[in-house]
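[1] The amino acid sequence is not available; the structure is as follows:
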């Protein structure tokens, strides 16, 4: 029982650590939406900007790619404790997604360039990263668990006696 708990904890902590780096990467590659400073606060300067959608897309690509990597590594490394590693992939992926969102929206890495047509005397500032499509938060655990299941299904089929014609009687 302690080996399973250890496998679960190591999986969750390893994936959560990757989430911190993923947040910095997301902050570095995602564009910032331009906001206009007004008396009422910040207002989106260009309502037709694609920066908000691009930030969601980069989040999904980064976390989905890392989920694919984590699912494959976990299947190859955790063959002895399948259930503990699978649950760790799910819990660690959820935690890593939230950490990626928090780190990426808290820290600004890389160059921040804002281009928007503004009236003279209007201040345009870059906005903080945020997700407009909250469904991409589950891309890490969804891809990791899905790829883990795909690998296990292919391995189980390869070793199955049902794969042989007529139950292996030939």
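    Ah, there it is. Here the structure is a predicted model, which is why all the values come from computation and not from measurement. Residues are numbered from 1 along each chain as shown.

[2] Show me the shaky parts of this protein.
    47-48, 110-121, 162-170 (pLDDT under 70).

[3] OK, contacts around the most centrally placed residue in it?
    The residue lying closest to the centre of the chain (C-alpha atoms, centre = their mean) is residue 63, at 2.1 Å. Shown in contact with residue 63 (C-beta atoms under 8 Å, 6 or more residues apart in numbering): 22, 96-97, 100, 136, 139-140, 143. Yep, even glycine has a C-beta here, placed from its N, CA and C like the rest.

[4] Tell me which stretches of this structure form helices.
    2-29, 51-77, 82-106, 139-158 (DSSP state H).

[5] which of these sits most buried?
    Most buried of the helices of the chain, by mean neighbour count (mean count of other C-beta atoms under 10 Å): helix 82-106, with a mean of 21.

[6] Tell me which other helices or strands it touches.
    If contacts are counted by 3 or more C-beta pairs under 8 Å, 6 or more residues apart in numbering; DSSP states H and E, helix 82-106 sits against helix 2-29, helix 51-77, helix 139-158.

[7] For residue 126, find the nearest of those helices.
    helix 51-77 (9.0 Å; C-beta to C-beta).

[8] and the angle for that closest one with helix 82-106?
    150 degrees (axes from the mean of the first three to the mean of the last three C-alpha atoms, to 10 degrees).

[9] Name the nearest residue to the residue nearest to the centre of the chain, sequence neighbours excluded.
    residue 140 (4.1 Å; C-beta to C-beta, 6 or more residues apart in numbering).
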